[in-house]
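Chemist: please work out how this folds:
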Amino acid sequence: MANRTQIVCLCEGVKGASIDEVFINTLIKRLSPSWLRPSSGSNTIRIVPCGGRNALIEKMPSELRVCLTAGADTTLMVWGDCDDNCANGDELKVKFQKEADRNGITKEQFDHVVFIFAKDRLENWIEFLETGKTDETNEGPRVRYNRNAAQAAKKLADICKGGNPVDDMPPSLQWSCKNWRAFSDRMKPR
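Modeler: A predicted model of the protein is given here:
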């Protein structure tokens, strides 16, 4: 890991094959978390596409160890999809916890991970951010252009930074926003 990397984002997919990387990178840069050190480089965020969800689950413990070894300023985020075999983010998080337990990760270490889980794909979130509505029981329309993903991510970041309530958002986005806010609150200087 480069010495300036401060946020490592594991995600599903193959590098360059989806809008996820653009959405994630734009969102985090726009959020500009207060605990990030000023950086002159562009590698503050490292996005690691892991293929499918099982590969993502398997990779998480080793990446968490790398982040913990790098120091308290390095954050691991895991971006995944619940799909049709996980009812919600809590259920999917349990799968990650089981893999972490199998790999000797303590509960305290596991609690350093920020989990962001869409129900099916980020496209539903983008649809909601563009139109104000989406149905997470159906896969949102494919986003073909990185620009659309980036614009939606900027809008979400502005919602987060404004401290706006998340009650009218799709359930998976509510769950993920609450995880991010809880983590951000823990990271604030006391």
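Chemist: which residues does stretch 105-119 contact?
Modeler: 60-61, 64-65, 67-68, 75-83, 88-89, 92-93, 96-97, 100, 124-125, 136, 170-173, 175-176, 179-180, 183 (Cβ atoms under 8 Å, 6 or more residues apart in numbering). Using the backbone N, CA and C atoms, a C-beta is placed for each residue, glycine as well.
Chemist: buried among those residues? Need that as a selection in ChimeraX.
Modeler: The buried subset of the contacts of stretch 105-119, as determined by 16 or more other Cβ atoms under 10 Å, is captured in ChimeraX by this line:
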select :60,61,64,67,75,76,77,78,79,80,81,82,89,92,93,96,97,100,124,125,136,170,172,173,175,176,179,180,183
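Chemist: which of the contacts of stretch 105-119 fall in strands?
Modeler: With DSSP state E as the criterion, strands contain 75-81 from among the contacts of stretch 105-119.
Chemist: flag whichever of those residues scores worst on pLDDT.
Modeler: Ranked by pLDDT, the ones in strands among the contacts of stretch 105-119 bottom out at residue 75 (88).
Chemist: could I get the contacting residues of that residue?
Modeler: 6-8, 33, 35, 67, 112, 114, 183.
Chemist: give me the buried entries from those residues.
Modeler: Neighbour counting with 16+ other Cβ under 10 Å marks 6-8, 33, 67, 112, 114, 183 as buried within the contacts of residue 75.
Chemist: please flag which of those residues sit within helices.
Modeler: 67, 183 (DSSP state H).
Chemist: which one of the buried ones among the contacts of residue 75 is nearest residue 149?
Modeler: Closest approach to residue 149 among the buried ones among the contacts of residue 75 (Cβ to Cβ): residue 7, at 18.0 Å.
Chemist: I figured the closest one hits residue 48, correct?
Modeler: No - using Cβ atoms under 8 Å, residue 7 is not in contact with residue 48, being 11.1 Å away.
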